[in-house]
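Colleague: Sequence first, predicted model second:
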Amino acid sequence: MSKIIAVTSGKGGTGKSTVCAGLGYTLAKQGHRTLIIELDFGLRCLDIIFGMENNIKYDLGDVLNGKKTVLEAVSQVPMANNLNVLCAPKTLTTVTAEQIVDICRSIKKYFEYIIIDTGAGINSHVFDIVEQANLILIISTPDQVCIRDASLMSDEFYNRGNKSQRLIINKVSKKVIGNSLVSNLDEIIDKVGVQLIGVIPDDFKMTVATGTGNPIPAESEALRAFDAISKRLGGEFVPLTVKTS
C-alpha cells in the first residue's frame, strides 16, 4: 500500500517544490519506489530541478485529456533509479480533487510513496486535493508572513478533519534565527501549531544543484536533512539535528 504525501504551503517562495524534490530523491536513494506529481500548472519546475527540461515527452495534461495513461506519462529521473515524476503541464489546466484521487488510485500499486506537489496558496482547490493524502507536510520558512499563512492552512486542515500534519521549516540560517525576525525554531513551531518533522538549512550547494539539474552533492547539509526526514516518514527514529550556516 503506497503512502500519499501532500506537500503544501500558504504562500509561494517557501521552496515547496525543492522540498518535494529533496524528499523524492532521498526516498528513492533509500530504495523506495517514489513518484512526484506536480500540480503547479503553468509554473512547473521539477523538470529543471532534475535536469530533464528537454526530455519530458508527456505530462499531467496528457493524462487529464485522456491522451496517455498515468504510467505512460511519468518520466524516470536519471539521477535516481527509483524516482519518477509526473510533471505539471506548461499551460494552465483545470483539475479536480477527484481526478487526482483517480490518478493515485490507478498507480498506487506501483509506488511506495506518492508525493503531491500542490500549488501554493490558501484556496479550496488546494484543500480539496490535500484532503486525500495520508500525510500533509506544511512548509514554512522563518518568515512571519509564511509562519502566519502556515498556521492558517493548518487550522483549516484541522477544521476539515485532517489531523495527520507535520511541519518542515525550510531555508533556516543564522541570519534569521535569533534576531528580530524570529527568536528560535520553537517560536515557529508554536505559532504554526504542528509537530515538527524536519529542518532544512539554507544550503548554497543545494541551490546550485537544483538550479542546474545536477545531483545534490553528498556533503550538502540540506541533503542530510532530507535523508533524515525521509527516514522519519518510514517510521525510523532519527534524532533531529539542527544546523545553520
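Modeller: It's in.
Colleague: quick one: low-confidence ranges for this protein?
Modeller: 1, 42, 92, 120-126, 175-183, 241-245 (pLDDT under 70).
Colleague: which strands and helices sit next to the longest helix seen in the chain?
Modeller: Longest helix in the chain by number of residues (criterion: DSSP state H): helix 144-159. Counting contacts by 3 or more C-beta pairs under 8 Å, 6 or more residues apart in numbering; DSSP states H and E, helix 144-159 packs against helix 124-130, strand 135-140, strand 165-172, helix 185-192. The C-beta positions use only the backbone N, C-alpha and C, and glycine is treated the same way.
Colleague: so which of those gets nearest residue 34?
Modeller: strand 135-140 (14.0 Å; C-beta to C-beta).
Colleague: residues making contact with that closest one?
Modeller: By C-beta atoms under 8 Å, 6 or more residues apart in numbering, the surrounding residues in contact with strand 135-140 are 3-10, 14-16, 19, 130, 146-147, 149-150, 153-154, 157, 162, 164-170, 188, 192, 194, 197, 233.
Colleague: Any quick ChimeraX command for the buried ones out of these?
Modeller: If you want just the buried ones from these in ChimeraX, going by 16 or more other C-beta atoms under 10 Å, the selection is:
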select :3,4,5,6,7,8,9,10,14,15,16,19,130,146,147,149,150,153,154,157,162,165,166,167,168,169,170,188,192,194,197,233
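Colleague: about what we covered before: just send the helices and strands packed on helix 144-159 back as TSV, with distance to residue 34 too.
Modeller: Shown next, in TSV, are those (distance: least, C-beta to C-beta, whole Å):
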stretch	distance to residue 34
helix 124-130	19
strand 135-140	14
strand 165-172	17
helix 185-192	26
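Colleague: and stretch 76-93, how far out from the chain's middle?
Modeller: Chain-centre distance of stretch 76-93: 13 Å, with C-alpha atoms, centre = their mean, to the nearest Å.
Colleague: With stretch 199-212 instead?
Modeller: Using C-alpha atoms, centre = their mean, the offset of stretch 199-212 from its chain centre is 15 Å.
Colleague: and if you look at stretch 209-220?
Modeller: For stretch 209-220 - counting by C-alpha atoms, centre = their mean - the centre lies 17 Å from the chain centre.
Colleague: now stretch 103-121
Modeller: 11 Å.
Colleague: That stretch: which residues count as buried?
Modeller: Neighbour-count burial for stretch 103-121 flags 103-104, 107, 111-120 (criterion: 16+ other C-beta under 10 Å).
Colleague: Let's see it as PDB, backbone CA atoms only.
Modeller: What follows is stretch 103-121, C-alpha atoms only, in PDB (Å, rounded to 0.1, in the frame of the first residue of the first chain):
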ATOM      1  CA  ILE A 103      -4.700   9.000 -10.700                       C
ATOM      2  CA  CYS A 104      -3.300   8.000  -7.300                       C
ATOM      3  CA  ARG A 105      -5.600   5.000  -7.100                       C
ATOM      4  CA  SER A 106      -4.600   3.800 -10.600                       C
ATOM      5  CA  ILE A 107      -0.900   3.700  -9.800                       C
ATOM      6  CA  LYS A 108      -0.600   3.200  -6.100                       C
ATOM      7  CA  LYS A 109       0.400  -0.500  -6.500                       C
ATOM      8  CA  TYR A 110       3.500   0.600  -8.500                       C
ATOM      9  CA  PHE A 111       4.900   3.100  -5.900                       C
ATOM     10  CA  GLU A 112       5.600   3.000  -2.200                       C
ATOM     11  CA  TYR A 113       5.400   6.800  -1.900                       C
ATOM     12  CA  ILE A 114       3.400   9.300  -4.000                       C
ATOM     13  CA  ILE A 115       4.400  12.900  -3.300                       C
ATOM     14  CA  ILE A 116       1.900  15.500  -4.400                       C
ATOM     15  CA  ASP A 117       3.500  18.900  -5.000                       C
ATOM     16  CA  THR A 118       0.500  21.200  -4.600                       C
ATOM     17  CA  GLY A 119       0.100  24.700  -5.800                       C
ATOM     18  CA  ALA A 120       0.800  27.300  -3.200                       C
ATOM     19  CA  GLY A 121      -1.900  29.400  -1.600                       C
END
